[in-house]
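Chemist: Fold the stuff below for me.
(chains A, B and C)
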Amino acid sequence: MAETLKNQRKPELIELPITTRDGEFMAHYSEKGLAGLNFPRAKPGSSRAAGSSRAVNAKQIPLQILQWHRTATAALKKILAGLEPGEFPPLDWAGTTDFQKSVWKAMLKIPLGKTKSYGEIAQAIGKPKAVRAVGGACGANPIPVLVPCHRVLAANNKIGGFSSGLGWKASLLEREGIEF
DNA sequence: CTCCGCCTACCAA
DNA sequence: TTGGTAGGCGGAG
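Modeler: Residues are numbered from 1 along each chain as shown, chains lettered A, B, ... in the order given. So this is what the prediction gives:
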């Protein structure tokens, strides 16, 4: 009778927006914490459908999640301003692989204003040859900015890639005073 | 198993 | 310096 866990296809996350001067980010929360963060769709300024008034009934959102959202919002805005993020909400990496988690944890250890290469991350997690795989994990990072995948550069201080757009990566690095 | 990717080191111009 | 390339690894289908 153990219903196949595989039927749990839908995590059913609660989505809440975070409006910043860079546009509206979208945060996704599970009952365990922040599970995802998306960059703004349009560029700052273009107010398109103005939220299409999908007014989520604030009343039905667990207080716990609202608290995490406040924390996440503050942290995101700080980093976007090139400042120390302070407290983080718990991060929910359910559904991801151990390899990816190890890579993301390693990235969380990179201090603001500092960088590491894909190779250094690979070495840090004990898989010195999995360099390219580290790049893959960075690209799969569900919580960009807070989990600083932008602080990972290619060898020789080259900018490397960024699935959400190199423009974002370059911009985030600049805000932290990083040169490349 | 195959294909692809936020990489690298290396070699040829 | 710039460009092309083969090796290596994990993830997705």
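Chemist: switch to C-alpha atoms for all contacts and neighbour counts from now on
Modeler: Noted.
Chemist: Check which element follows the longest helix belonging to chain A along the chain.
Modeler: Determined from DSSP state H, the single longest helix within chain A is helix A:63-80. Next along the chain after helix A:63-80, taking DSSP states H and E as the criterion, comes helix A:98-108.
Chemist: Give the buried residues for that next one.
Modeler: Applying a neighbour-count criterion of 16 or more other CA atoms under 10 Å, one finds A:100, A:102, A:103, A:104, A:106, A:107 buried in helix A:98-108.
Chemist: Out of those residues, which are close to DNA strand B?
Modeler: Counting by CA under 7 Å from any atom of the strand, nothing from the buried residues of helix A:98-108 sits close to DNA strand B.
Chemist: Make JSON lines out of these and add pLDDT and distance to residue A:120.
Modeler: Shown next, in JSON lines, are the buried residues of helix A:98-108 (pLDDT from 0 to 100; distance: CA to CA, whole Å):
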{"residue": "A:100", "pLDDT": "98", "distance to residue A:120": "15"}
{"residue": "A:102", "pLDDT": "98", "distance to residue A:120": "13"}
{"residue": "A:103", "pLDDT": "98", "distance to residue A:120": "11"}
{"residue": "A:104", "pLDDT": "98", "distance to residue A:120": "13"}
{"residue": "A:106", "pLDDT": "98", "distance to residue A:120": "10"}
{"residue": "A:107", "pLDDT": "98", "distance to residue A:120": "10"}
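Chemist: Not including adjacent chain positions, what is the nearest residue to residue A:144?
Modeler: Closest residue in space to residue A:144, ignoring its immediate chain neighbours: residue A:37 at 6.5 Å, by CA to CA, 6 or more residues apart in numbering.
Chemist: doesn't the one you found fall inside a strand?
Modeler: Yes - judged by DSSP: H, G, I helix; E, B strand; the rest coil, residue A:37 forms part of a strand.
Chemist: Please name the bridge partners of it.
Modeler: Per DSSP bridges, residues listed as beta-bridge partners of residue A:37: residue A:27.
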